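Chemist: Just need the structure, nothing else, for what follows:
(one chain, ligands or ions: 2)
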Amino acid sequence: MPARSSTRSAGRSSTGRSTAVEVFKFGGASLADAAAVRHAIDLILAPRPTRVVNVVSALAGVTDALLAIATAAREGDVKAVDVAVDRLHARHVAVGNEVLPNIRARTALQRELDEAFDELRMLAHGVASLRELTPRTRDFLVARGEQLSARIVVAGLVSRKAKAQYVEAAEIIQTDGVFGNAFPDLAATDRLVRARLRPLVRRKVIPVIPGFVGGGEGGALVTLGRGGSDLTATVLGRSLKAERITLWKDVPGLMTTDPRLVPTARIVPQLNVREAAELAYYGAKVLHPRALIPLTRVRVPVFVRPFADPEAPGTEISVRHTLQRYPVKALSIVRSQALITVTGNGMLGVPGIAARTFAALQQAGISVTLISQASSEHSICLCVPSERGRDAKIALERAFALELSRRELEGMDAQTGMATLAVVGLGMAGSPGIASRMFTSLSRAGVNIVAIAQGSSELNISVVIAERDAEAAARAVHDEFQLDKIGGGGVRRDDRLDVVLLGVGQIGRELLRMLPRSRRRVRPTVVGLIDRSGFVFEPDGLSPRQLASAVALKSAGKPLASLAHARKASASEAVQWIATHALARPVLVDVTADDTLPAIRKALAADMDIVLANKKPLSAPRAEVAALRALAKQHGARILHETTVGAGLPVMDSYAKLVETGDKVLRVEGCTSGTLGFLLTEIGKGRPFSDALRDAMARGYTEPDPRDDLSGMDVARKALILARLIGFDGDLTDVTVESLVPEAYRHMPVAKFKATLADQDKLWASRQAAAVKQGRALRYVLRATPRKVVVGLQAVPLSHPLAGLRGTDNQIVFTTKRYKEHPLVITGPGAGPAVTAAGVLNDILQLTPA
Ligand SMILES: NC(=O)C1=CN([C@@H]2O[C@H](COP(=O)(O)OP(=O)(O)OC[C@H]3O[C@@H](n4cnc5c(N)ncnc54)[C@H](OP(=O)(O)O)[C@@H]3O)[C@@H](O)[C@H]2O)C=CC1
Ligand SMILES: N[C@@H](CC=O)C(=O)O
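Modeler: Ligands and ions are numbered 1, 2, ... in the order given. Down below sits the predicted model:
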């Protein structure tokens, strides 16, 4: 993920400098083997502006193995205990040996592991002798998994010369002491973290802490229950006032729904903490809602990111509410539910029926996943896991035996084979029509709704349906709310077109000034600006003030990354990041003069349309251009590039109109360099070359390096773009180009070239004098046929149409089957920010709905 250039302080070091911290948590499924541990170490040691505090889970499968050891011990099965302990011991030693490069480090780690497993074996034997496993002993045994993986990670870090230290979780995370399901005492933990962890961070030590473990009464080890290691990370993130918490997981992020049910499910780029909690409750198992409790009042964002692909941004969970065009951000399906219905006329107005219902279920240890009661009070419906359906029915029949015997209640019905489908999103509150869209889509898919529940927070609407309908229901609702677009890509909406501007130079800035004046019903919204230093992005559109300050900054020659809220990134990283957000009809506008193919490919892959003023992407080797066009086709995206030839002149447009009506272009000729046109006109008037070129640069006619114009390469690119349209099968290297830059000036730094322009005045004056002597005018001319492309300087007779061009005028002559005797001629100014930005804007507007 591109780094934000602004950082929040998480404490003060002894030198008074701020120490920004982030917390990493590595899940067990990620820490599967030695390669995974090494990968985690690489991530920890990657250069970054923050200091990293690390929380680790046990190696994959180790917690279950430890629980099995505890159970075998309680049953007195010493042999099973020994086999399992030996197996675990050997696995940890093997991982340690693979992670550590030298014998000394391996021996030291092995000693620690031997001691830990000896103690584990002794303890398990003790349990086996007594055949008693107390919750305290169970926690002590199970905590070993995280402790051991933390030791291995520390040893690995130290072997890479890092200053790393193991920190016992019980010493910094104080809990309520409930064995098996402890919850941190947040205030006490804050104090301990301040006293013990923060000093390490200030001293640049890398702490590694076993997750899932805390301290109970009298220093007893306790475990934190489900989602325990994530909880450790969020508690520490809170106490350290971290910049962010990153949970490295074996999933790409939180998804819009289960991709096994809906193949078009997407990663949700950002969720509000409340939405994430709802999703977690309703079956998105990636993050347990308990882990979010410490963050209720603090603004530390959590990122769920894929361990296997650290460049991918994953999902941000924070207090922000972005993606507001998505009232529903995700949906969850919980299968294997039983719908219990308590019905009867005797329930009306009788207090306590609901209380007794839930009390009976609580006593039977049954968790209720959904509740619904109509205002008629004739029935209460609730869902429980299918395997507890029968128990729930029996518990309720027992609790209401009297009412049943008097027929005040008709009976208890337990319908198994059900599923609940919940849609979740903060934007549902106060927006009418969401429930109607959900129900209509279900009805269209032929799915019967058996029960409905919605809380007054309007954050979640849940329906109970038959389990066999789950897949069809999920697809229908996912489609209805366009959730397949949320992770990037365009939502087909009539009222927006989002522009990501790549390049904020002369043309980019002129375009930003012009955009607000466009006269279409749908005015393009600029959501992102990218330059060489990084980017700024607002999914709902950069405000006029933000845009004005970016324009002012760039006019002063400063980098975008120096703006508050900017992120440092390359162009393709920026596009990738931006594309993970929900954009409407997004278009990437490339007004750089660089090789931007990687960024354009990223944009196309995210269904963005492309507008180019930059000629380089389409004058790249033909295989690359063909691949680009194929990618665009695959994603239903368009590549518009009117200004790559003739700036704002309708060159591409005219070509398209010719061929659309069945004509065939045989040849293209003309002058397509505004800079060379201006230069030759001015020199013709007797002005020195150096003076005329400086003027052309100041007016914004030239390429960023004016040698691109003088060398003929800019014209060659334009010629190649035109030639490929009419069937030329070559590359830029196949174009015959005459350079007007003397050899000695071709490779020097651009600043030096600009400083030595006067050296060439004589050369240009003599070129001009020779032409005048012949009664001719100098023009830089292109000629493109399907077989050959040539660009170069020509002395044309004064009677020739090209001799009449003035200033930046371009002339493009299409000889076609229809326009053979009298070719089609397009003439007009072909360079400068105003005409070029207008051409780019025209392309953008073509993509907006009429
Ligand atoms: N001038 C004209 O009349 C016409 C120009 N064009 C084309 O328009 C394009 C832009 O020209 P112009 O505005 O004059 O150029 P500028 O040099 O003024 O601006 C270029 C912009 O692109 C950014 N940029 C360059 N490379 C990268 C990169 N790799 N990643 C991210 N950003 C990058 C620069 O960033 P930074 O500010 O950080 O350097 C700068 O903001 C050129 O391709 C040109 O050929 C087309 C038709 C006519
Ligand atoms: N530098 C170019 C600008 C348009 O492509 C030119 O001078 O023509």
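Chemist: got a list of what whichever residue of the chain sits closest to ligand 2 touches?
Modeler: Closest residue of the chain to ligand 2, C-beta to the nearest ligand atom: Thr675 (3.2 Å). In this view, the C-beta of every residue, glycine as well, is placed from N, C-alpha and C. By C-beta atoms under 8 Å, 6 or more residues apart in numbering, the contact set of Thr675 is 693, 696, 701-703, 706, 709-710, 714, 808, 831.
Chemist: Between which two of those residues is the distance greatest?
Modeler: The span of those, defined through C-beta to C-beta, is set by Leu710 and Thr808 at 15.1 Å.
Chemist: Which single residue of this structure approaches ligand 1 most closely?
Modeler: Checked against ligand 1 (C-beta to the nearest ligand atom), the nearest residue in the chain is Gly505, 1.7 Å away.
Chemist: Give me the neighbour count for that residue.
Modeler: Gly505 has 16 neighbouring residues, counting by other C-beta atoms under 10 Å.
Chemist: Next: the one 3 residues further on.
Modeler: By the measure other C-beta under 10 Å, the count of residues near Gly508 is 25.
Chemist: phi, psi of Glu538?
Modeler: As for Glu538, its main-chain torsions (degrees, to the nearest 10) stand at phi -130, psi 110.
Chemist: re the thing from before, of Leu710 and Thr808, which one has the most company?
Modeler: Leu710 (27 against 23).
Chemist: is it true that that one touches Ser739?
Modeler: Yes - shown here, Leu710 and Ser739 form a contact pair, counting by C-beta atoms under 8 Å, at 7.4 Å.
Chemist: who in the stretch 601-750 of the chain is up against ligand 1?
Modeler: Residues of the stretch 601-750 of the chain that fall close to ligand 1, judged by C-beta under 6 Å from any ligand atom: 613-615, 643, 647, 674, 700-701, 703-704.
Chemist: Just give me how far stretch 58-73 sits from the chain centre.
Modeler: Centre-to-centre, stretch 58-73 and its host chain are 36 Å apart (C-alpha atoms, centre = their mean, to the nearest Å).
Chemist: any idea of the mean pLDDT for it?
Modeler: Mean pLDDT, computed over stretch 58-73, is 96.
Chemist: and if you look at stretch 509-522?
Modeler: Mean pLDDT, stretch 509-522: 89.
Chemist: what's the answer for stretch 211-223, then?
Modeler: The average pLDDT for stretch 211-223 rounds to 95.
Chemist: Next, the contact list for Tyr326, please.
Modeler: 425, 427, 481-483, 486, 582.
Chemist: change it to 10 Å
Modeler: Each residue near Tyr326 by C-beta atoms under 10 Å, 6 or more residues apart in numbering is listed here: 256, 268, 425-428, 481-483, 485-486, 491, 582.
Chemist: next one: Ala623
Modeler: Asp731.
Chemist: swap in Ser462?
Modeler: Going by C-beta under 10 Å, 6+ apart, Ser462 touches 278, 282, 331-332, 334, 369-372, 383, 420-424, 451-455.
Chemist: so it, which of the three states?
Modeler: strand (DSSP: H, G, I helix; E, B strand; the rest coil).
Chemist: Could you pull up the residues touching the residue nearest to it when sequence neighbours are not counted?
Modeler: Excluding the flanking residues, the one nearest Ser462 by C-beta to C-beta, 6 or more residues apart in numbering is Ala422, at 4.1 Å. If a contact means C-beta under 10 Å, 6+ apart, then Ala422 has 278-279, 281-284, 328, 330-334, 369-370, 453-454, 459-463, 477 as its contacts.
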